[in-house]
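Participant: Quick one: sequence plus predicted model below, questions after.
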Amino acid sequence: MTNNMDFTTLIQNRYSCRAFDPKPVEQEIIDRILEAGRIAPTAVNKQPVHVWAVTDAATLAAIQDVTRSNYGAPVLLVVGCRPADAWVRRYDGKNGAEVDASIVATYLMLAAENEGLATLWVGSFDPAGLAALLPGTDGYDLVAMINVGYPAPTSAPSPQHTRRVPMEEFVTYKK
């Protein structure tokens with residue numbers, strides 16, 4: 001059963017979960033989350049992004065050697081990008097691969113929240129160590145690890161979750 005909600009509620013409710021229930025995530029839910037990432041927009045639709053979906057207990061245990069930010073999630077989605085396949089901005093040569101990977105990762109997180117799951121975007125990891133644990137990472141920059149699973153009963157947003165800069169500091173209008 002899908003736990004659909006309106007978008008504003010979804011983005012307000014999503015928080016960085018640091019305590020996961022060990023309950024496995026159903027494959028059909030994982031598939032729906034991955035489909036959301038697959039159809040996420042990328043620059044000029046080049047799609048220079050790949051996702052490694054890790055549910056294998058031995059690999060999840062080994063990943064603890066490349067990051068401290070695991071928290072017992074039963075699913076790990078690793079998002080990588082291939083700069084050689086990405087759109088490049090002609091004005092300054094900026095490669096869009098990492099932006100594309102970030103868009104895909106965001107879609108994965110929001111889709112998981114929509115399914116009633118919790119997530120944590122992990123940026124603090126050893127990319128070479130992680131690549132050694134995953135097949136087919138040659139040519140990819142590993143951008144994000146997304147922990148996915150059911151939140152533990154004790155899980156709660158951090159006190160900083162609702163702290164935001166005021167709108168006047170966030171946006172500048174030119175009318």
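Facilitator: Thanks, I have it.

Participant: which one is residue 108 nearest to, not counting chain neighbours?
Facilitator: Nearest residue to residue 108 in three dimensions, chain neighbours excluded: residue 37, at 4.4 Å (Cβ to Cβ, 6 or more residues apart in numbering). Glycine gets a C-beta too; all of them are placed from N, C-alpha and C.

Participant: gap between that neighbour and residue 51?
Facilitator: Distance from residue 37 to residue 51, counting by Cβ to Cβ, to the nearest Å: 6 Å.

Participant: repeat for residue 170
Facilitator: 30 Å.

Participant: Which one's more surrounded, the two?
Facilitator: Ranked by neighbour count (other Cβ atoms under 10 Å), residue 170 and residue 51 place residue 51 first, with 19 against 8.

Participant: what are the pairing partners of the helix or strand where that one lies, and which direction each?
Facilitator: In this assignment (DSSP states H and E), residue 51 forms part of strand 49-54. Strand 49-54 has the following sheet partners, assigned by DSSP bridges: strand 75-81 (antiparallel).

Participant: I'd like the next helix or strand past the strand it pairs with.
Facilitator: Immediately after strand 75-81, counting by DSSP H and E, sits helix 97-114.

Participant: Which strands and helices lie in contact with that next one?
Facilitator: helix 7-13, helix 27-38, strand 49-54, strand 75-81, strand 118-122, strand 141-149 (3 or more Cβ pairs under 8 Å, 6 or more residues apart in numbering; DSSP states H and E).

Participant: Mean neighbour count, those: which tops it?
Facilitator: When you average the neighbours per residue for each of the helices and strands packed on helix 97-114 (mean count of other Cβ atoms under 10 Å), strand 75-81 leads with a mean of 25.
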